[in-house]
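Visitor: pasting the sequence and the predicted model now:
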Amino acid sequence: MFWNEDNKSVTLAAIVKLGIMRLLILGTRGIPAKHGGFETFAEDLAYYLTTRGHHVAVYCQGEHNSEVYVDEWRGITLIHFPSHSGAVGTVEFDIYCALDALKRKGLILTLGYNTAVLSVLYRLFGRTQVLNMDGIEWKRAKWSTFARLWLRINEYAGAMLANHLVADHPAIREHHLRHVKPAKISMIPYGATCEATNWEPESRLSQYKLNPRSYALVIARTEPENSILEIVQAYSSKKRGMPLVILGEYDKNRPYHAKVMDAASNEVFFVGAIYDREVVKMLRNYAKVYIHGHRVGGTNPSLIESLASGNAVIAHDNPFTRWVAGEGAKFFRSGEELSGILDNIFVDESLLEAMRRSSIQRHADYFTQLAALQSYEELLERFARP
């Protein structure tokens with residue numbers, strides 16, 4: 001996702017409207033985005049609302065030996081708190097943020113429910129909180145039994161304690177309707193802009209030894225539920241004649257990472273984690289196909305961005321990806337199915353072109369960035385106090 005500065009003139013023309021809102025955004029590692037979808041969304045939403053005349057503050061996670069401080073970036077207030085690394089450090093950081101938010105004015109928007117038990121503090125102090133419920137986090141394969149229990153407790157606590165919930169996918173909304181009435185939850189999918197790169201592809205693709213429309217692309221965290229191992233095994237099962245480019249951090253000392261790397265043929269390129277949004281956009285725009293293996297979650301931002309880029313999408317077959325990608329995409333349930341799809345589409349340019357057109361239309365119909373940000377603004381203004 002990316003909020004285009006070219007649209008700033010449109011937003012400035014509408015500033016004189018319902019008044020100024022004060023918003024505190026919690027639940028991410030902070031901005032500028034360097035980690036994942038939530039951070040990218042927080043960055044885009046905060047900047048959009050700031051251009052609309054609202055006051056926005058985002059909590060940012062620092063190193064455990066750093067100082068507490070407040071600064072500003074692109075008109076957004078950044079509140080930095082130190083914390084240790086790992087799951088315990090994240091809980092520590094969330095506690096600091098929640099306690100600090102109680103001292104500040106503004107509507108509280110929390111992205112994710114991993115520490116939603118802290119919402120009891122907002123209730124006790126009469127603060128209003130909107131909570132984005134993210135995906136069904138406790139279903140992820142990486143979690144231990146204790147972690148799954150913790151996440152299920154927090155999912156329930158968030159649903160009960162927050163003033164209003166946001167789901168980014170119809171299936172996520174349906175999941176939470178077990179606990180809340182329909183009026184308490186809004187469904188707002190993420191969005192993305194459809195932008196062309198500003199330079200010739202050869203000038204940047206060459207550093208990765210790539211040519212336009214001559215590689216497949218995967219962008220995902222290295223987790224079992226993202227089907228990375230199955231994708232690599234399928235791609236490496238035979239000679240493809242073009243590379244599979246994988247973005248993300250890979251460490252041979254981590255068992256799952258090592259399995260993925262060991263399964264890769266010499267046509268699989270691990271290019272590391274890339275946080276330069278222009279470079280990622282370039283890699284998307286010129287990919288022959290985008291392969292999306294996520295099995296758990298809602299409207300995944302990476303998939304939305306691939307639709308916006310006009311990628312031919314091959315996705316894991318589940319209710320989450322089917323609703324997002326639409327029937328113009330191809331879907332797989334196993335490595336064998338994926339291998340067969342690759343065999344067919346790599347030699348059928350007319351099919352690839354039809355898939356690209358379908359992605360562009362799906363994005364235009366359901367997932368434009370402006371529509372998503374406007375929906376969030378309208379929802380937040382309902383709960384914000386002057």
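Guide: That came in fine, so what should we check first?
Visitor: quick one: low-confidence residue ranges for the stretch 201-350 of the chain.
Guide: 201-203 (pLDDT under 70).
Visitor: quick one: residues in contact with stretch 114-124.
Guide: 27, 90-91, 94-95, 98-99, 101-102, 108, 110, 127-129, 131, 137, 151, 153-155, 157-158, 161-162 (Cβ atoms under 8 Å, 6 or more residues apart in numbering). C-beta: built from backbone N, CA, C; applies to glycine.
Visitor: out of those, which end up buried?
Guide: 27, 90-91, 94, 98, 101, 108, 110, 127-129, 131, 137, 151, 154-155, 157-158, 161-162 (16 or more other Cβ atoms under 10 Å).
Visitor: helices - which of the residues you listed land there?
Guide: The members of the buried ones among the contacts of stretch 114-124 that map onto helices under DSSP state H are Thr90, Val91, Asp94, Ala98, Ala101, Leu151, Asn154, Glu155, Ala157, Gly158, Leu161.
Visitor: quick check, nearest of these to Tyr69?
Guide: Tyr69 lies nearest to Ala101 out of these, by Cβ to Cβ, at 16.4 Å.
Visitor: hang on, isn't the closest one packed against Leu107?
Guide: No: the pair Ala101 / Leu107 is not scored as a contact, 10.2 Å apart, by Cβ atoms under 8 Å.
Visitor: so what sits against both of these two?
Guide: With contacts taken as Cβ under 8 Å, 6+ apart, Ala101 and Leu107 have Leu24 as neighbours in common.
Visitor: if we ignore the residues flanking it in sequence, what's nearest Phe93?
Guide: Among residues not flanking Phe93 along the chain, Ser83 sits closest, at 3.7 Å (Cβ to Cβ, 6 or more residues apart in numbering).
Visitor: check contacts around that neighbour.
Guide: Per Cβ under 8 Å, 6+ apart, neighbours of Ser83: Gln61, Gly62, His64, Gly89, Thr90, Glu92, Phe93, Tyr96.
Visitor: rerun at 7 Å
Guide: Gln61, His64, Gly89, Glu92, Phe93, Tyr96 (Cβ atoms under 7 Å, 6 or more residues apart in numbering).
Visitor: ditto for Ser237
Guide: Ser237 neighbours (Cβ under 7 Å, 6+ apart): Ser339.
Visitor: cool, Ser302 as well?
Guide: Gly37, Ile219, Ala220, His292.
Visitor: show me the helices in the stretch 101-250 of the chain, by range?
Guide: 119-124, 145-161, 170-176, 202-205, 228-235 (DSSP state H, counting those that start in this stretch).
Visitor: the closest residue to Ser309 other than its chain neighbours: which element?
Guide: Distances taken as Cβ to Cβ, 6+ apart place Arg284 nearest to Ser309, at 4.1 Å, with adjacent residues excluded. Per DSSP states H and E: Arg284 is located in helix 277-285.
Visitor: quick one: list the elements packing against the very next helix or strand once past that helix.
Guide: The helix or strand immediately downstream of helix 277-285 is strand 289-292, counting by DSSP H and E. Packed against strand 289-292 by the contact rule (3 or more Cβ pairs under 7 Å, 6 or more residues apart in numbering; DSSP states H and E) you find strand 216-219, helix 301-308, strand 313-316.
Visitor: domain ranges for the protein, per the record?
Guide: Here the domain parsing of the chain from automatic domain parsing is 5-191+368-383, 202-366.
Visitor: can you get me a residue count around Ala220?
Guide: Counted with other Cβ atoms under 10 Å, the neighbours of Ala220 add up to 21.
Visitor: list the contacts for it?
Guide: Per Cβ under 7 Å, 6+ apart, neighbours of Ala220: Asn226, Ile228, Gly248, Gly293, His294, Ser302.
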